[in-house]
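Chemist: what would the 3D arrangement of this be:
(chains A and B)
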Amino acid sequence: MAKLKVEFFVGLFVIAGLVAVSYMAVKMGDVGLFDRQSTYTLVGRFDSVSGLKEGAAVEMAGVRVGKVSSITFDGERFEAVVTMEIPNHIQLTIDSVASIRTTGIIGDKYIKVTIGGDEDFLQPGDEFEQTESSLDIEELISKFIFKAEQDS
Amino acid sequence: MVNLISRLGAQVIEQCEHLGHLTVFLLRVVSKLFVFPFRYRAVLQQLHFIGAKSTFVIVLASITIGLALGLNLYVEFSRLGVQDRLGSAVALSLIRELGPVFTALMVMGRAGSAMCAEVGIMRSDEQLDALECMAIDPYKFLMVPKFWATLVSVPLLVAIADVVGIFGGYLAGVVIFDVPSGAYWLGVYGSIEWFHLNMGFVKSLVFALIIVWIATGKGFLLHLDKQGNYGAEGVSRVTTQAVVMGSVLILFANFLVSAILVA
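Modeler: Purely as a prediction, here's the structure:
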């Protein structure tokens, strides 16, 4: 009995530890063991993705549906190429618009997808025809100030 | 004057010697970590002592850390109107820094001191020499189970501490104050990435090695300590040294690992 007691507590401890580890890995580390296969990728080209990070959310109607899987730079066209993962059951029309938005004023950047009215759907690997780059607040302010200076 | 300088020199030489002995001790144990046969029962007993019995203390410590963190950060964040970020701040600081460091310090104080005293008394009673007389390798027989048990149990304890601490932050932010619970969890899940978990894991392994190395090494090398007596007094002195040195090393290693992984 005394032997089993030690083993019982060690077992309990190990189970508690492993539950904690797997909870953190799956819920926080995004180790997608269960939801890996059911996505397809779409590509968007942006003039500027300043502030957008890999893993950022892709939202439709304010609900998180997918994520940004990679951001690369196209040296020929001087554009940022963003690859997004979208679940298979969400079909986007060809004239959908991908725009980079911010949560709040200093919050994280995310990609907002607005659906269009076309009858054809984007296929896996396709590019968005219309994109809107991220809004740079500093640029806006400087435009505003210089315009005010010119007017006066 | 010359006397003073030579005393300083003697001190430095002694410290270097001691460091060398500790390193040789570590290398000997590590070289025997993967040698069969394993003493399965001894590892189990050490796991029970180092891991299972520390769980309660760790849970208690980390929930209070989470609570205090939540309270303080909430007060400061609410001035800026960013209470929604409370979850990510609590989770990040716990997983990256506080969880591993506090767990390691608690284990050093609880299990490390006990291990050091145990091995030190074995040395001062000449039990270790008796083992060698019977052709039993004390490194393999005594140290390897302790090393394995610490290396396994500290990462698990750190994981428990992280989760419980985040829950403590939840208690402070959501239950006591008025942070929306969805915002808290979204902050926790959204901000933690694989890199941060990895950092916590690397830290917990490094700290575990420091704890068991300093604790058992200091006790094991009791007979080489030149500062005073050998028996009960020596054991108490060596145990104190081990806890202080281990804790300082843990804090220093924490900074070092952070600097290496972040840069």
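Chemist: how about the residues of chain A near chain B?
Modeler: By the rule CB under 8 Å from any CB of the partner chain, the part of chain A lying against chain B is A:6-7, A:9-10, A:12-14, A:16-18, A:20-21, A:23-25, A:27-31, A:55, A:108. Bear in mind the C-beta positions are built from the backbone N, C-alpha and C, glycine included.
Chemist: let's go with 6 Å and repeat that
Modeler: Within chain A, the positions adjacent to chain B are A:6, A:9-10, A:13, A:16-17, A:20-21, A:24, A:27-29 by CB under 6 Å from any CB of the partner chain.
Chemist: just the buried ones from these, in ChimeraX syntax?
Modeler: Restricted to buried positions by 16 or more other CB atoms under 10 Å in any protein chain shown, the ChimeraX selection for the residues of chain A next to chain B reads:
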select /A:6,9,10,13,16,17,20,21,24,28,29
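Chemist: contacting residues for whatever residue of chain A ends up closest to chain B?
Modeler: Here chain A gets closest to chain B at one residue, A:Gly17, 2.7 Å apart by CB to the nearest CB. A:Gly17 is in contact with B:156, B:159-160, counting by CB atoms under 6 Å, 6 or more residues apart in numbering or on different chains.
Chemist: what of A:Ile111?
Modeler: A:58, A:98, A:100.
Chemist: for the second one, give me the pLDDT.
Modeler: Here the pLDDT value assigned to A:Ala98 is 86.
Chemist: what residues are bridge-paired with it?
Modeler: A:Val113, A:Thr131 (DSSP bridges).
Chemist: was I right about it contacting A:Gln130?
Modeler: No. Checked against CB atoms under 6 Å, the pair A:Ala98 and A:Gln130 is beyond contact range at 7.5 Å.
Chemist: so for these two, which sits in the more crowded spot?
Modeler: The residue with more neighbours, out of A:Ala98 and A:Gln130, is A:Ala98; 23 against 13, by other CB atoms under 10 Å in any protein chain shown.
Chemist: so what are the sheet partners of the longest strand anywhere in chain A and their directions?
Modeler: Among the segments of chain A that qualify as a strand by DSSP state E, the longest is strand A:63-74. In the sheet, strand A:63-74 lines up against strand A:57-60 (antiparallel), strand A:79-87 (antiparallel) (DSSP bridges).
Chemist: just the C-alphas of that strand, formatted as PDB.
Modeler: Extracted in PDB, the C-alpha atoms of strand A:63-74 (Å, rounded to 0.1, in the frame of the first residue of the first chain):
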ATOM      1  CA  VAL A  63     -15.500  37.200 -37.000                       C
ATOM      2  CA  ARG A  64     -12.100  35.500 -37.100                       C
ATOM      3  CA  VAL A  65     -12.200  32.900 -39.800                       C
ATOM      4  CA  GLY A  66      -8.600  32.400 -40.900                       C
ATOM      5  CA  LYS A  67      -5.000  33.600 -40.400                       C
ATOM      6  CA  VAL A  68      -2.000  35.000 -42.200                       C
ATOM      7  CA  SER A  69       0.400  32.200 -42.800                       C
ATOM      8  CA  SER A  70       3.300  34.100 -44.500                       C
ATOM      9  CA  ILE A  71       4.400  37.600 -45.500                       C
ATOM     10  CA  THR A  72       7.100  38.000 -48.200                       C
ATOM     11  CA  PHE A  73       8.400  40.800 -50.400                       C
ATOM     12  CA  ASP A  74       8.200  40.700 -54.100                       C
END
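Chemist: how many neighbours does B:Thr239 have?
Modeler: Counted with other CB under 10 Å, B:Thr239 comes out at 24.
Chemist: er, B:Gln227 actually
Modeler: 9.
Chemist: skipping its backbone neighbours, what lies nearest the spatially most central residue of chain B in space?
Modeler: Centroid check for chain B by CA atoms, centre = their mean gives B:Ala104 as the closest residue, at 2.8 Å. Nearest residue to B:Ala104, sequence neighbours excluded (CB to CB, 6 or more residues apart in numbering or on different chains): B:Phe207, at 3.6 Å.
Chemist: could you measure from whichever residue of chain B sits closest to chain A over to A:Val14?
Modeler: Residue of chain B nearest chain A, by CB to the nearest CB: B:Leu156 (2.7 Å). With distances taken as CB to CB, to the nearest Å, B:Leu156 is found 7 Å from A:Val14.
Chemist: settle it for me: which of the two has more neighbours?
Modeler: B:Leu156 (25 against 16).
Chemist: so for A:Val89, what's the pLDDT?
Modeler: I think there's a mix-up here, since residue A:89 is His and not Val. 83.
Chemist: and it, which of the three is it?
Modeler: coil (DSSP: H, G, I helix; E, B strand; the rest coil).
Chemist: how many neighbours does it have?
Modeler: 8.
Chemist: ranges for the helices of chain B?
Modeler: Ranges of helices in chain B, per DSSP state H, are B:2-31, B:40-46, B:55-80, B:86-93, B:99-107, B:113-124, B:127-133, B:138, B:144-170, B:181-191, B:194-220, B:232-262.
Chemist: out of these, flag the one nearest A:Ile145.
Modeler: Proximity to A:Ile145, assessed across the helices of chain B by CB to CB, is greatest for helix B:55-80 (26.0 Å).
Chemist: counting contacts, what elements does that closest one pack onto?
Modeler: helix B:86-93, helix B:99-107, helix B:144-170 (3 or more CB pairs under 6 Å, 6 or more residues apart in numbering or on different chains; DSSP states H and E).
Chemist: from the chain's centroid, how far away is the second one?
Modeler: Mean C-alpha position of helix B:99-107 versus that of the full chain (CA atoms, centre = their mean, to the nearest Å) differs by 5 Å.
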